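J.: Quick check, what structure comes out for this input:
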Amino acid sequence: MKKSETIAWKIDHECPQCGSPVTLEETDRLFSCSFCRVRLYLLSEDYFRFYLPPSESFSKDILFVPYWRFKGTIFFCKADGIKYTINDVSSLALSHTFLPNSLGFRPQTLKLKFLTSKVDARFFQDRVPLKKVIQNIERRFKLSDAVQASGPVYHETFIGESISLIYSPMFIQGSRFHDAILGKPVASIPKDFVDDLLTFDQEKDWQVTFVSTLCPQCGWDLLGEEDSVVLFCKNCNSVWEAAKNGLREVDFGMVPSKEANAYYLPFWRMETTIEDPAIHSYADLLRMANAPVAMKKEWEKSCSCFWAPAFKVPPVPFLRSTQALTLAEPHEEFEKKLPKSPLFFANFPSNEAAESIKVTIANTAVDRMRIFPKLPEMDIQIKKTHLIFRPFILVGNEFVESQGRLCIHKNFLQLGRNL
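T.: Residues are numbered from 1 along each chain as shown. Now for the predicted structure:
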């Protein structure tokens, strides 16, 4: 989906260099100040944390209640195929179930702020893991009549587009919790309520880190869009992605094109080894898919590689592209240089791409009754990950891969305006 077509939550922030106000979208990672022109990349230790500012009328003795916010797709591997459900929800991250279960539509109408040590408040300590929230969604999906009728779910995978913690302000007055934005009571305090609150200083790694967007290798300006997870340096021909302590270099390559009007799309190529079932080579992948091709001897020595788009696309084209490129005849060598032709930025991270491997196996395997029961315990070792740019030609409203294996509608893509 185009970024402009999604309902994006807004975040108010200040430029760390000049203090000017800046409004970001929740998926933005590249920070650009229109006043002082500084460009920085946003990093977090695990999840970004935001809060809804309380009203000035209730700004004292604030208690912040955490909610998981996540938007993404859960894929279900079933004997009759791959099912999916798209989710865009917030869910209480506490065991105190007397509090509101979600934030509702509030974050769509109010602007969020990054949680920092400047916030004078206390925070609830115990959080329900995100995994449990996702399991609840999976449980509701599995209990539907349509799903039950079509057989058991062998494996499910959550692939997230946005994951964060959002803190909603409350205060206690009398024997009730009150919303600190409207001042209205929201819940009575139970008799067995335990004050398990923390101050900000008791929690670590909550601060947002701002990293320079100058190339760590040559000092040139790195290129990317607001929601890019990968930045490019055209000066020294390098590619960088976010890591816990800054930016780390990414192995990359490109498939040369003979077409002068080619566009280049980024894909993650993950070299793997899998023991049960044994998938060690490209030939093993073809046998698993029972592909109607004449087997070549060299394919027995070619590594098994799984592919995924490095850009966000809806579930159906995502499944189609992962399957098509994983089964495509491999390129053993890629040119290590950025394309001179127009290329698209990457806004889908490599760790999320890795989560799709089991779904690709399920979508590709012919003998499902043998493969599917093994999915939950399947040990997938990723030996190498590369970002590969593949050439596409624009035909009408679709980008068509130069060898005709794959078509992707242009509305799903965001062309790099700075290149």
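
J.: mind checking how far the residue nearest the centre of the chain is from Lys131?
T.: Nearest residue to the geometric centre of the chain (Cα atoms, centre = their mean): Glu161, 3.8 Å. As judged by Cβ to Cβ, to the nearest Å, Glu161 and Lys131 stand 17 Å apart. For the C-beta atoms, the positions are set from N, CA and C on the backbone; glycine is no exception.

J.: just Ser102 next, same as before
T.: Taken as Cβ to Cβ, the span from Ser102 to Lys131 is 18 Å.

J.: In terms of neighbours, single out the busier of these two.
T.: Ser102 (14 against 9; other Cβ atoms under 10 Å).

J.: just the helices in the stretch 51-200 of the chain please.
T.: Remark: helices assigned in the stretch 51-200 of the chain by DSSP state H, counting those that start in this stretch are 106-109, 130-142, 145-149.

J.: can you list contacts of the second one?
T.: Outside helix 130-142, the residues within contact range by Cβ atoms under 8 Å, 6 or more residues apart in numbering are 68, 70, 74, 76, 83, 85, 87, 89, 91, 93, 147-148, 153, 156, 158, 163.

J.: and with 6 Å instead?
T.: When contacts are defined by Cβ atoms under 6 Å, 6 or more residues apart in numbering, helix 130-142 is touched by residues Trp68, Thr85, Asn87, Ser91, Val153, Glu156, Phe158.

J.: Then stretch 104-113?
T.: Contacts for stretch 104-113 (Cβ under 6 Å, 6+ apart): Ile7, Trp9, Lys10, Ile11, Asp12, Phe50, Tyr51, Leu52, Pro53.

J.: Just the buried residues of it, please?
T.: Within stretch 104-113, the residues scored as buried using 16 or more other Cβ atoms under 10 Å are Arg106, Pro107, Leu112, Lys113.

J.: Please apply the same query to stretch 341-353.
T.: Going by 16+ other Cβ under 10 Å, stretch 341-353 has these buried residues: Ser341, Leu343, Phe344, Phe345, Ala346, Asn347, Phe348, Pro349, Ser350, Glu352, Ala353.

J.: could those go into TSV alongside secondary structure?
T.: Converted to TSV, the buried residues of stretch 341-353 look like this (DSSP: H, G, I helix; E, B strand; the rest coil):
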residue	secondary structure
Ser341	coil
Leu343	strand
Phe344	strand
Phe345	coil
Ala346	coil
Asn347	coil
Phe348	coil
Pro349	coil
Ser350	helix
Glu352	helix
Ala353	helix
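
J.: Which two of those residues have the greatest separation?
T.: Greatest spacing in the buried residues of stretch 341-353, by Cβ to Cβ: Ser341 and Glu352 (26.3 Å).

J.: Check which residues of stretch 48-65 are buried.
T.: Buried, per 16+ other Cβ under 10 Å, within stretch 48-65: Phe48, Arg49, Phe50, Tyr51, Leu52, Pro53, Pro54, Phe58, Ile62, Leu63, Phe64, Val65.

J.: Of all pairs in those residues, which one spans the longest distance?
T.: Phe48 and Phe58 (25.0 Å).

J.: what about the helices in the stretch 301-419 of the chain?
T.: Under DSSP H, counting those that start in this stretch, the stretch 301-419 of the chain gives helices at 315-327, 350-355, 357-364, 368-371.

J.: need the ones you listed in TSV with mean pLDDT, can you?
T.: Output for these, formatted as TSV (pLDDT from 0 to 100):
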stretch	mean pLDDT
helix 315-327	93
helix 350-355	93
helix 357-364	94
helix 368-371	88
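
J.: which one of the ones you listed has the most crowded surroundings?
T.: When you average the neighbours per residue for each of these (mean count of other Cβ atoms under 10 Å), helix 357-364 leads with a mean of 23.

J.: for that one, packing partners?
T.: The contact analysis (3 or more Cβ pairs under 6 Å, 6 or more residues apart in numbering; DSSP states H and E) places helix 357-364 against helix 315-327.

J.: Quick one: list the elements packing against the helix it packs on.
T.: Using 3+ Cβ pairs under 6 Å, 6+ apart: helix 315-327 touches strand 304-309, helix 357-364.

J.: Let's have those in JSON lines, adding distance to Leu42.
T.: Shown next, in JSON lines, are the helices and strands packed on helix 315-327 (distance: least, Cβ to Cβ, whole Å):
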{"stretch": "strand 304-309", "distance to Leu42": "23"}
{"stretch": "helix 357-364", "distance to Leu42": "28"}
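
J.: ok, now which ones touch Ser302?
T.: Ser281, Tyr282, Pro330.

J.: what's the pLDDT at the nearest residue to it once chain neighbours are set aside?
T.: Of all residues not flanking Ser302 in the chain, Tyr282 sits nearest, at 4.0 Å (Cβ to Cβ, 6 or more residues apart in numbering). Here, the pLDDT recorded for Tyr282 equals 93.

J.: Help me confirm that Tyr282 comes into contact with Ala328.
T.: No. Tyr282 is not in contact with Ala328 according to Cβ atoms under 6 Å; the separation is 9.6 Å.

J.: So for these two, which residue has more residues nearby?
T.: Between Tyr282 and Ala328, counted using other Cβ under 10 Å, Tyr282 has the larger neighbour count: 24 against 16.

J.: phi, psi of the more buried one?
T.: phi -60, psi -30 (degrees, to the nearest 10).

J.: picking that back up, and the residue nearest to the centre of the chain, how far from Leu94?
T.: Applying Cβ to Cβ to Glu161 and Leu94 gives a distance of 24 Å.

J.: mind giving me the domain split of the protein?
T.: 45-207, 251-412 (automatic domain parsing).

J.: If I average pLDDT within each of the ones you listed, which one is lowest?
T.: domain 45-207 (a mean of 81).

J.: Check the separation of the first and last residues in it.
T.: 8 Å (Cα to Cα, to the nearest Å).

J.: Could you find which two of the contacts of helix 130-142 are furthest from each other?
T.: It's Trp68 and Val153 that sit farthest apart of those, by Cβ to Cβ, at 22.1 Å.

J.: The two: who's more crowded?
T.: Per other Cβ under 10 Å, whichever of Trp68 and Val153 has more neighbours is Trp68, with 23 against 17.

J.: wouldn't that one be in contact with Ser91 here?
T.: Yes. Using Cβ under 6 Å, Trp68 is in contact with Ser91, at 4.9 Å.
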